[in-house]
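Sequence and predicted structure below; questions after.
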Amino acid sequence: MIMNTKRNIKIILLICILAVFIVLTDVFFIKPIKNSFYLISSPIERFLSKAGNNVCKYFTFLFKATELERENERLYQENLSLISQNIKLQSLIKENEALRKALNIGMAKKFDFAFARQVSREVDRDVILISAGKKDGVSAMMPVITPQMVLVGKVEESFYNFSKVALISDKKNVFDITIKSKNDILGVAKGSGGSGLSFDLVPKSANIEKGDIVLTTNLDNNFPAGLLVGEIKKIDKSDVKPFLKGTINPYFEKQGTDILFVIKNFLKKK
Amino acid sequence: MNKYIPIALISSYFLVIFEETFFSYFRFFGTCLNLILIFISLAIFFEDERNKIGITTALISGIILDIFSSPYIGFFTAIFIILYFLIKKITSFLKKSDIFSFSLFFTFFFFIYKFLFLLFKIAFNNFLFQERFFAPLSFNLNIVFAQFLYNFIFAVFLFFLITMFSLPKKTWHFIS
């Protein structure tokens, strides 16, 4: 019985030492350990990411050839109308610049970017690893976008060479949006996990339709205003509920590139 | 047990890299393949009294996954170790190593893992640490079932591959 007691004490002591070791590692050593693992693995991860993307594109082409052709035609027409709109806007930009100079108003704020590439993506959470970290001036809460100004997410944790980015579809992301319909309608977007994004708190009287573009606003100071989020996929209308809800098709999922930018000079004020 | 450590270490490392890179592009209703989970389930299913490949795989895979995916060391390690003991108790009635037994085993395995993951998320968020890394508690059944179906099909496929190469039913002999 004494032997059993001694053995039990030893086991409890071992568990306590292990728990202290784990806590100390988590507090002091976890970031350098993780950074080293990511640094060693990143060449293989980048190669496999590219391979996976190419194989996926090949199968998409095989199974969705007709759909791609229709989409291509639609985009061609849309591109033509955008070119003509762009020409009209060029004259407005010149006029705007002239007015600003005349009234002595400063130019629109420019962003300071850190270049990064997507390295990997976690399985159980909507979180990606990017190749920019503290050495590039990246820190937590910084927004991450694509070169086409599509919102990707927010930096969750930064290591020396890498950073973890919580995608906008991650469940803990909630931010204000504006829906470009006949009028600009304000609402709230929430990540629903599994690459899903939903919207809520849109007034029932709002006239929104499937396909309307969704952009960020700067009301909650979460993200810079005017970034592309996605388009309305589905609208849930209910007579009982006071607001409109629905789902958004996020644009970041459709981006074929792994190139990203971290906005370094925009941080949510605490 | 010692001879399985390098195998489990190398396999877990490459499986984590594969699932987070190559297979992350192959999503099924927004869910991904969890290769580590499938690997651990197969190791535990084929474990017997002589080898301790199940517990070795659970421990090492947990540590590797903690380094790559979890904000804290010990999160997935603790989940997989508890899962190992629970699943051994619950599925002790399964005597055969056929496809039906494995399907039942994997179903229990997956849902107990999901339950433990949720439990640990609550503990880390509410009792031990601030809600830094995990979202508020929510359970999307559609995503869970989609993930189960996707992983189940792949796990059964791997089970067939293993049995087709006529490996002895209750042991894995990588090193003779």
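Perfect, I can see it now.

gap between the most centrally placed residue in chain B and residue A:51?
Nearest to the geometric centre of chain B sits residue B:37, at 2.1 Å (C-alpha atoms, centre = their mean). As judged by C-beta to C-beta, to the nearest Å, residue B:37 and residue A:51 stand 22 Å apart. In short, each C-beta sits where N, CA and C put it, glycine included.

For chain B, just list every one of the helices.
For chain B, the helices defined by DSSP state H cover B:4-20, B:35-45, B:53-68, B:75-90, B:99-122, B:141-164.

want to throw those helices into CSV with distance to chain A?
Output for these, formatted as CSV (distance: least, C-beta to the nearest C-beta, whole Å):
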stretch, distance to chain A
helix B:4-20, 4
helix B:35-45, 8
helix B:53-68, 5
helix B:75-90, 9
helix B:99-122, 7
helix B:141-164, 4
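
okay if I get those as a markdown table plus distance to residue A:19 and mean pLDDT?
Shown next, in a markdown table, are the helices of chain B (distance: least, C-beta to C-beta, whole Å; pLDDT from 0 to 100):
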| stretch | distance to residue A:19 | mean pLDDT |
| --- | --- | --- |
| helix B:4-20 | 23 | 91 |
| helix B:35-45 | 23 | 93 |
| helix B:53-68 | 15 | 91 |
| helix B:75-90 | 10 | 91 |
| helix B:99-122 | 15 | 90 |
| helix B:141-164 | 31 | 90 |
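
Quick check: residues of the stretch 1-150 of chain A near chain B?
Within the stretch 1-150 of chain A, the positions near chain B by C-beta under 8 Å from any C-beta of the partner chain are A:22, A:25-26, A:30, A:33-34, A:37, A:41, A:44-46, A:48-49, A:51-53, A:55-56, A:119-125, A:129.

Please pick the buried ones from these.
Using 16 or more other C-beta atoms under 10 Å in any protein chain shown as the burial test, the residues of the stretch 1-150 of chain A next to chain B include A:22, A:26, A:30, A:34, A:37, A:41, A:45-46, A:48-49, A:52-53, A:56, A:119-125, A:129 as buried.

where along chain A do the strands fall?
A:113-121, A:127-130, A:143-145, A:151-158, A:163-167, A:174-180, A:184-193, A:196-203, A:213-216, A:228-236, A:243-250, A:259-263 (DSSP state E).

would you turn the ones you listed into TSV with distance to residue B:20 and mean pLDDT?
Shown next, in TSV, are these (distance: least, C-beta to C-beta, whole Å; pLDDT from 0 to 100):
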stretch	distance to residue B:20	mean pLDDT
strand A:113-121	4	92
strand A:127-130	8	93
strand A:143-145	18	94
strand A:151-158	15	93
strand A:163-167	12	94
strand A:174-180	26	92
strand A:184-193	17	91
strand A:196-203	20	91
strand A:213-216	27	92
strand A:228-236	24	91
strand A:243-250	20	92
strand A:259-263	16	92
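
Residue B:64: which of those strands is closest?
Among the strands of chain A, strand A:113-121 comes nearest to residue B:64, with 13.4 Å by C-beta to C-beta.

and the closest one, what does it pack onto?
Secondary-structure packing of strand A:113-121 (3 or more C-beta pairs under 8 Å, 6 or more residues apart in numbering or on different chains; DSSP states H and E): helix A:30-63, strand A:127-130, strand A:259-263, helix B:4-20.

Which one, of the ones you listed, ends up nearest to residue A:137?
strand A:259-263 (8.4 Å).

For residue B:48, the count of nearby residues, please.
13 (other C-beta atoms under 10 Å in any protein chain shown).

before we move on, the earlier item: compile the helices of chain B into CSV and extend it with columns for distance to residue A:258.
Shown next, in CSV, are the helices of chain B (distance: least, C-beta to C-beta, whole Å):
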stretch, distance to residue A:258
helix B:4-20, 13
helix B:35-45, 21
helix B:53-68, 18
helix B:75-90, 26
helix B:99-122, 28
helix B:141-164, 23
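
closest to residue A:113 out of the ones you listed?
Shortest distance between residue A:113 and the helices of chain B, using C-beta to C-beta, is found for helix B:4-20: 25.0 Å.

Distance from that closest one to the middle of the chain?
On the basis of C-alpha atoms, centre = their mean, to the nearest Å, helix B:4-20 is displaced by 12 Å from the centre of the chain it belongs to.

Report the angle between it and helix B:53-68.
Orientation of helix B:4-20 against helix B:53-68 (axes from the mean of the first three to the mean of the last three C-alpha atoms, to 10 degrees) gives an angle of 50 degrees.

which other helices and strands contact helix B:4-20?
Right, helix B:4-20 is packed against helix A:30-63, strand A:113-121, helix B:35-45, helix B:53-68 by 3+ C-beta pairs under 8 Å, 6+ apart.

swap the cut-off to 10 Å and go again
Helices and strands touching helix B:4-20, by 3 or more C-beta pairs under 10 Å, 6 or more residues apart in numbering or on different chains; DSSP states H and E, are helix A:30-63, strand A:113-121, strand A:127-130, helix B:35-45, helix B:53-68.

Export these as CSV, with columns for distance to residue A:13.
Formatted as CSV, those follow (distance: least, C-beta to C-beta, whole Å):
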stretch, distance to residue A:13
helix A:30-63, 24
strand A:113-121, 38
strand A:127-130, 37
helix B:35-45, 29
helix B:53-68, 20
